[in-house]
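Visitor: coordinates for the following, if possible.
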Amino acid sequence: MMLTKEEERALSGEYGEALSQAMRILVKVGEVLGAERLVPISHAHASGVSYATIGEPGVHWLESLVKGGAKVSVYSTVNPIGFDPYSDIIKVDENFVKGQIRILEAFEKMGFDTSLTCTPYYLREPKPFERLAWGESSAVIYANTVLGAFTNREGGPVAVAAAIAGKIYEAGLQVLENRRTDSRIRLGFRPTDAAEWSAVGYAIGERIGQGIPRLEVPPPPRDHLKYMLAASAASGGLAMMVIEGVTPPKTYLLGEEEKVEIGREDVEHMFGSVEDADLVFHGCPHASLKELVELDNLIKEKVEKEVWVAVAPRLYERANDVIKSLSKKGVKFVRGTCLVVSPIDKMGIRKVATTSAKTYFYLKRRGLDVWLVRLRDVASA
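Guide: All right, here's what the predicted structure looks like:
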């Protein structure tokens, strides 16, 4: 990799051990991926910040960076943590709480915005061609697909290193030539709900696996796209789609495309009823204000089931009226966390009905009984 003189000095430790370590990570990963240089970024987003995910080894590494004087050099945000720090709705033991607090303190000392959300594009929406280093899979595919930004799916340590260095290796989806479509998706039906779009995303990811599919459909609302893209990133590891009328022009190239058909039969088996659920869950990725208003309009009477909605802490603070209305109707909010990164299985919850196929994917892997429901079903829980 060809480094500038300034980058060479940073790598050699002239500007401190923390920056040197960050540069070593970026250069090593970049060389493995065939990058020729580092490029500046405007926003880093670190995933894998739950104590349930990184445990003591992760805590020690973050604290070692702090001791080495690590500071972010660009706007940097972090993903949800393993419990709601504002309430006791998600039960965790004292050791878990202490470990999670140490993680948050380390990020804060390095200068991260501890926003605790998987939707950093609601905090600051990147522009087309803007270079990012994001580690949350649902945010990565949203940024590449909907916003036309350039980012790979970075591992947690790489995103942290990029935040400190303010740079990322120029490889993968940072290169226009690699943003070329290789399949064309046609739907045999028209999804009408966020959960249905989420199921479509799950089916696409499961069918395609890797690559960049092009979806030929009339553009759905962005909130529905958010759920579809998050699911495809979970079930198949996709980091980008091209959606006609959505993906900004010139941020992708068309390639030779294999035709893929997705029908209602590919998704309907994922759906069930709210009746047998221990918990009904919405907000993976974190719910937007528009989603909260929609849910509030759908709920006519107080819900009887345990209904949780995951939101970013800052949205909770500013959406006061709709939060109050939904709370009166029995809806509970979890802030700064998500079922995917929290130990809910230790709370005795075994059956979960959700609007999110990403939640469906991850909770099934943890042995829980999970199925999809539509937002109108949540309203009747």
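
Visitor: am I right that residue 168 is in a strand?
Guide: Yes - under DSSP: H, G, I helix; E, B strand; the rest coil, residue 168 sits within a strand.

Visitor: beyond the helix or strand where residue 370 lies, next helix or strand please.
Guide: Residue 370 is part of strand 369-372 when elements are defined by DSSP states H and E. Later in the chain than strand 369-372, the nearest helix or strand by DSSP H and E is helix 375-379.

Visitor: report the rounded mean pLDDT for that next one.
Guide: Average pLDDT, helix 375-379: 92.

Visitor: hang on, the earlier thing: what about dumping the CA coordinates of the strand holding residue 370 to PDB?
Guide: Output in PDB follows, covering the C-alpha atoms of strand 369-372 (Å, rounded to 0.1, in the frame of the first residue of the first chain):
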ATOM      1  CA  ASP A 369     -39.400 -19.500  18.500                       C
ATOM      2  CA  VAL A 370     -39.800 -16.500  16.200                       C
ATOM      3  CA  TRP A 371     -42.200 -15.500  13.400                       C
ATOM      4  CA  LEU A 372     -43.200 -12.400  11.500                       C
END
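
Visitor: which other helices and strands does it contact?
Guide: helix 194-208, strand 351-354, helix 357-365 (3 or more C-beta pairs under 8 Å, 6 or more residues apart in numbering; DSSP states H and E). The way it works is simple: take the backbone N, C-alpha and C, and place the C-beta from them, glycine included.

Visitor: list the buried residues in the helix or strand hosting residue 102.
Guide: Following DSSP H and E, one finds residue 102 within helix 94-110. If you call a residue buried by 16 or more other C-beta atoms under 10 Å, then helix 94-110 has these buried ones: 96, 99, 100, 102, 103, 104, 106, 107, 109, 110.

Visitor: how close does the closest residue to residue 203 other than its chain neighbours sit to residue 205?
Guide: With sequence-adjacent residues excluded and distances taken as C-beta to C-beta, 6 or more residues apart in numbering, residue 203 is closest to residue 266, at 4.4 Å. The spacing between residue 266 and residue 205, counted by C-beta to C-beta, to the nearest Å, is 12 Å.

Visitor: more neighbours: which of these two?
Guide: Higher neighbour count among residue 266 and residue 205: residue 205, with 27 against 19, using other C-beta atoms under 10 Å.

Visitor: wouldn't the more buried one be in contact with residue 228 here?
Guide: No - look at residue 205 against residue 228 with C-beta atoms under 8 Å: they stay out of range, at 9.6 Å.

Visitor: give the contact list for residue 52.
Guide: Residues near residue 52 by C-beta atoms under 8 Å, 6 or more residues apart in numbering: 82, 96, 341, 342, 343.

Visitor: can you give me the distance of the second one to residue 248?
Guide: What it means is residue 96. Taking C-beta to C-beta as the measure, residue 96 falls 41 Å from residue 248.

Visitor: and what of the last one?
Guide: Here residue 343 is placed at a distance of 39 Å from residue 248 (C-beta to C-beta).

Visitor: so which of these two has more stuff around it?
Guide: Taking other C-beta under 10 Å, residue 343 and residue 248 do not tie; residue 343 has more neighbours (19 against 14).

Visitor: ok, the nearest residue to residue 319 once chain neighbours are set aside - how many residues close by?
Guide: Nearest residue to residue 319, sequence neighbours excluded (C-beta to C-beta, 6+ apart): residue 289, at 5.3 Å. Neighbour count for residue 289, taken as other C-beta under 10 Å: 15.

Visitor: I figured residue 289 hits residue 317, correct?
Guide: No - assessed by C-beta under 8 Å, residue 289 is found out of contact with residue 317, at 11.6 Å.

Visitor: coming back round to it: tell me which of the helices and strands packed on strand 369-372 sits most buried.
Guide: Among the helices and strands packed on strand 369-372, helix 194-208 has the highest mean neighbour count (mean count of other C-beta atoms under 10 Å), at a mean of 26.

Visitor: paired strands for the following helix or strand past that helix, with orientation please.
Guide: Downstream of helix 194-208, the next assigned helix or strand under DSSP H and E is strand 213-215. Strand 213-215 pairs in its sheet with strand 183-187 (parallel), strand 242-243 (parallel), by DSSP bridges.

Visitor: strand 213-215 - what's its average pLDDT?
Guide: The model assigns strand 213-215 a mean pLDDT of 97.

Visitor: ignoring the adjacent residues along the chain, who's closest to residue 152?
Guide: Closest residue in space to residue 152, ignoring its immediate chain neighbours: residue 172 at 4.3 Å, by C-beta to C-beta, 6+ apart.

Visitor: list the contacts for the one you found?
Guide: 33, 152, 178.

Visitor: partners of the nearest residue to residue 277 once chain neighbours are set aside in the sheet?
Guide: Spatial nearest neighbour of residue 277, chain neighbours left out: residue 353 (3.8 Å); criterion: C-beta to C-beta, 6+ apart. Judged by DSSP bridges, the bridge partners of residue 353 are residue 280, residue 371.

Visitor: isn't residue 353 up against residue 374?
Guide: No - counting by C-beta under 8 Å, residue 353 does not reach residue 374; the two are 10.1 Å apart.

Visitor: show me where the stretch 201-350 of the chain has its strands.
Guide: Under the criterion DSSP state E, counting those that start in this stretch, strands of the stretch 201-350 of the chain are mapped to 213-215, 242-243, 258-262, 279-282, 307-311, 331-335.

Visitor: picking that back up, against residue 144, how distant is the residue nearest to residue 152?
Guide: Counting by C-beta to C-beta, the gap from residue 172 to residue 144 is 10 Å.

Visitor: equivalent analysis for residue 194, please.
Guide: Residue 194 sits 20 Å away from residue 144, going by C-beta to C-beta.

Visitor: the residue nearest to residue 277: what's it in contact with?
Guide: Contact partners of residue 353, counting by C-beta under 8 Å, 6+ apart, are 272-274, 276-277, 279-281, 370-373, 377-378, 381.
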